[in-house]
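Undergrad: no FASTA, just this:
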């Protein structure tokens, strides 16, 4: 039985988790199913958010882990942590749309930050967010992240990242000190 009071368990993803993780990530960001949660990108991007190869690359990368979060034996969330020298990169964050808005994301990001600090001794967490996602950026700002104004172009023409529905997309770097 899945209840909001059940404890979360955290573990590194394995090859066997790839299909379930792709489905979770897609459900949180793309298509009509994603509209059940507030993290949807369905209005700005169509197509896929990731694919089995992309998830497997994160699982296999030597300085990376795909933290898998379970409740009652079901995968309910995930996030990528990658060691990049003095900082860690946080990405591929997805929470099941049916469970969004209940504090799960806040608990998971805090645990991800703790693990990056303890495991790698990093002093900052970095992430990139599509700059037009003001609601999502505000959520991260409430968790202590700050906008840097540093942007990188969206990979227009590479459908592995989705099919843009507007021409002003770019990624903005957000940073949080972990001291």
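TA: In hand now; what should we look at? Note that the structure is predicted; figures quoted are calculated from it, not measured.
Undergrad: report all helices and strands that the longest helix belonging to the chain contacts.
TA: Longest helix of the chain, by residue count under DSSP state H: helix 104-120. The helices and strands touching helix 104-120, judged by 3 or more Cβ pairs under 8 Å, 6 or more residues apart in numbering; DSSP states H and E, are strand 8-12, strand 64-71, strand 74-84, strand 87-95, strand 124-130. Where C-beta positions appear, they are placed from N, C-alpha and C, glycine not excepted.
Undergrad: confidence score at the residue lying closest to residue 112 once chain neighbours are set aside?
TA: Leaving aside its chain neighbours, residue 112 sits nearest to residue 79 (5.3 Å; criterion: Cβ to Cβ, 6 or more residues apart in numbering). Reported pLDDT at residue 79 in the predicted model: 96.
Undergrad: most centrally placed residue in this protein?
TA: residue 93 (1.3 Å; Cα atoms, centre = their mean).
Undergrad: any weak-confidence spans in this protein?
TA: Counting by pLDDT under 70, the low-confidence segments of the chain come to 1-4, 29-49, 160, 164.
Undergrad: and the gap between the closest residue in space to residue 71 that isn't next to it in sequence and residue 104?
TA: Nearest non-adjacent residue to residue 71, counting by Cβ to Cβ, 6+ apart: residue 6, 5.0 Å away. Using Cβ to Cβ, to the nearest Å, residue 6 is found at 11 Å from residue 104.
Undergrad: sorry, back to before: contacts only, for the closest residue to the residue nearest to the centre of the chain other than its chain neighbours.
TA: Distance criterion Cβ to Cβ, 6+ apart; nearest residue to residue 93, sequence neighbours excluded, is residue 79 at 4.3 Å. With contact taken as Cβ atoms under 8 Å, 6 or more residues apart in numbering, residue 79 is in contact with 66-67, 69, 90-94, 108-109, 112.
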